[in-house]
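K.L.:
How does the following fold in three dimensions:
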Amino acid sequence: MRKSWLGIVLGVCLLAPSAWAKTYAIDPDHTTVEFKIRHLLSFVRGTFEKVDGQFDYTPDHPEQWKATATIPATSVNTHVDKRDQHLRSKDFFDVAQFPNMTFTSTGVTDVTPTSAKLHGDLTIHGVTKPVVFDVEIHGVAKDPWGNERAAFTATTKINRKDFGLTWNQALETGQLLVGEEVEITLEVEGIAKG
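P.N.:
Below is the predicted model of the structure:
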């Protein structure tokens, strides 16, 4: 009896690693954090130039998937220096008081081989709200140097006012200068640890 139990335990220990989620470090050189927001009649696009984080991913085990990321708000870049300084000010991100934005996943739903919905808590300007990212799964591959990589595209929309980013300016027409809805697109590539 003891031998049979020992065999089961050993079997589980030997088989379990294949089911463990692999941890990937976000590769900042191949990851883009982009946003888009209406300005008057057109749209402005910008990026955050720095991102740090990791995600756990094994293709057939979505119950183990999770992700965390930290994005310095100071790294905002719309390619207009004066506008970027305004975005860093108390009118918007207030980077002196709230230097980082963070995301921590809380679960995954609607999983297919090529897509999923990633649920999590997004913190901007010191305010945390639940968000859902629509994720495109691009797969896993080895690069020319033998590193295992996984890649995804994740998109969502948020209302900036929900995060305390309320600054605006009324125009003569009655319109507001800056839109409230922000479209966020993440192009994420990670390198497997270990």
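
K.L.:
Give me the helix or strand of the protein that scores worst on average pLDDT.
P.N.:
Of all helical and strand segments in the chain, the minimum by mean pLDDT, DSSP states H and E falls on helix 2-15, at a mean of 44.

K.L.:
Which stretches in this protein count as helices?
P.N.:
In the chain, the helices defined using DSSP state H lie at 2-15, 81-88.

K.L.:
Can you name the residues bridging to the closest residue to Thr114 other than its chain neighbours?
P.N.:
Nearest non-adjacent residue to Thr114, counting by C-beta to C-beta, 6 or more residues apart in numbering: Ile137, 5.3 Å away. To be clear about C-beta, it is placed using only N, CA and C from the backbone, and glycine gets the same treatment. According to DSSP bridges, the residues that bridge with Ile137 are Phe152.

K.L.:
residue contacts, Ile137?
P.N.:
Residues in contact with Ile137 (C-beta atoms under 8 Å, 6 or more residues apart in numbering) are 59, 113-116, 152.

K.L.:
again with Asp143
P.N.:
By C-beta under 8 Å, 6+ apart, the neighbours of Asp143 are Arg149.

K.L.:
Got phi/psi on it?
P.N.:
Backbone torsions of Asp143, given as degrees, to the nearest 10, read phi -80, psi 180.

K.L.:
Could you list the low-pLDDT ranges of this protein?
P.N.:
When residues are selected by pLDDT under 70, those of the chain lie in 1-20, 171-174.

K.L.:
make it 50
P.N.:
2-3, 5-18 (pLDDT under 50).

K.L.:
now the strands for it?
P.N.:
Counting by DSSP state E, one finds strands in the chain at the ranges 22-26, 32-39, 42-48, 52-57, 66-72, 76-77, 100-109, 115-124, 127-142, 148-159, 178-192.

K.L.:
Contact partners for the closest residue to Gly126 other than its chain neighbours?
P.N.:
Take Gly126 and drop its neighbours on the chain: the residue closest to it by C-beta to C-beta, 6+ apart is Phe98, 4.8 Å away. By C-beta under 8 Å, 6+ apart, the contact set of Phe98 is 73, 124-126.

K.L.:
likewise Asn147?
P.N.:
Asn147 neighbours (C-beta under 8 Å, 6+ apart): 191-192.
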